[in-house]
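K.L.:
based on what follows, work out the 3D shape:
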Amino acid sequence: KYINAGKDQRQNISKEIEEKIFGINKEVEALFKEGIKAEPKNPLNHAAYAIYLKPRKRLVDGGFTPAWEESMEQIDKAIELWPDESSFYITKIYIMTAPHQAHEWLRAGAMEDLAIAEMMGEVDKLFSQAEKYDPQNSFINYWHAQILFRYTPIEKLDSIKDQLLREIRAGNHKQEGFFLFGAPLQPRVLEPQVPILR
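P.N.:
Okay, here's the model as predicted:
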């Protein structure tokens, strides 16, 4: 009796998390779509929507469909609208490689690391684009090295040794480092503002 009650409670909680935390909220999604409709040429609208969609699932016929592919389409639209903005390439890398996190909750699938490892060729190209448009940012090189190391199988680490060293040395030779936040924040503020307390 108690085992069944515990099992039912666990299933109910899991369902609630899937629906309330990872499910796409129709009202929130309507706001994103409204913003995109009002300013279809604003890449920040597409990038912010992509970040929202990344960890979420769409309720379909009593089941769930991951919104990851929709997220990728939105960040690709942002890149198309503003192709020389480095942070959009970084955002796409984040969408492809970061854990699916909504609020304090994380969601993972079986074999995710292997799927990410198979996309490393595309991830490398995105890092090259990010560095091309922000060549003095050491953060890009250091994060590239971290991602490479994280998703390369142990038995293949020797094959990426030169690439890892290149990224670390390139980062070490740069005097600037800017962590890139995702949309809708400004991609980068070149002139820092000094807050004044009164």
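K.L.:
all contacts plus neighbour counts: C-alpha atoms, from now on.
P.N.:
Fine.
K.L.:
in this structure, where is pLDDT below threshold?
P.N.:
Low-confidence regions of the chain, defined here as pLDDT under 70, cover residues 1-5, 12-18, 104-106, 108-110, 180-193, 195, 197-198.
K.L.:
what segments of it are strands?
P.N.:
Remark: strands of the chain, listed N- to C-terminal, are 57-60, 63-66, 100-102, 105-107; assignment by DSSP state E.
K.L.:
now these as JSON lines including distance to R150 and mean neighbour count?
P.N.:
Output for the strands of the chain, formatted as JSON lines (distance: least, C-alpha to C-alpha, whole Å; neighbours: other C-alpha atoms under 10 Å):
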{"stretch": "strand 57-60", "distance to R150": "26", "mean neighbour count": "16"}
{"stretch": "strand 63-66", "distance to R150": "24", "mean neighbour count": "13"}
{"stretch": "strand 100-102", "distance to R150": "16", "mean neighbour count": "17"}
{"stretch": "strand 105-107", "distance to R150": "18", "mean neighbour count": "12"}
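K.L.:
what about Q11, how many residues nearby?
P.N.:
With neighbours defined by other C-alpha atoms under 10 Å, the count for Q11 comes to 12.
K.L.:
can you give me the distance of it to P66?
P.N.:
Per C-alpha to C-alpha, to the nearest Å, Q11 is found 20 Å from P66.
K.L.:
and what of F22?
P.N.:
If you go by C-alpha to C-alpha, the gap between F22 and P66 works out to 9 Å.
K.L.:
residues that sit against both of these two, list them.
P.N.:
Where contact means C-alpha atoms under 8 Å, 6 or more residues apart in numbering, the residues bridging F22 and P66 through contact with each are 55-57.
K.L.:
which among these gets closest to H103?
P.N.:
Using C-alpha to C-alpha, P55 comes nearest to H103 of the shared contacts of F22 and P66, at 10.1 Å.
K.L.:
isn't that closest one right up against A102?
P.N.:
Yes. The pair P55 and A102 passes the contact test of C-alpha atoms under 8 Å, sitting 6.3 Å apart.
K.L.:
give me the common contacts of those two.
P.N.:
When contacts are counted by C-alpha under 8 Å, 6+ apart, P55 and A102 are jointly contacted by F22.
K.L.:
ok so, going back, could I get the shared contacts of F22 and P66 as TSV with distance to S87?
P.N.:
Formatted as TSV, the shared contacts of F22 and P66 follow (distance: C-alpha to C-alpha, whole Å):
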residue	distance to S87
P55	19
R56	22
K57	25
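K.L.:
of the residues you listed, closest to D134?
P.N.:
Compare each of these with D134 using C-alpha to C-alpha and the shortest gap goes to P55, at 27.3 Å.
K.L.:
how many residues are close by the closest one?
P.N.:
Counted by other C-alpha under 10 Å, the residues lying close to P55 total 25.
K.L.:
tell me how far the closest residue to it other than its chain neighbours lies from Q146.
P.N.:
Using C-alpha to C-alpha, 6 or more residues apart in numbering and skipping residues adjacent in sequence, the residue nearest P55 is H100, 4.3 Å away. H100 sits 18 Å away from Q146 when distances are taken as C-alpha to C-alpha.
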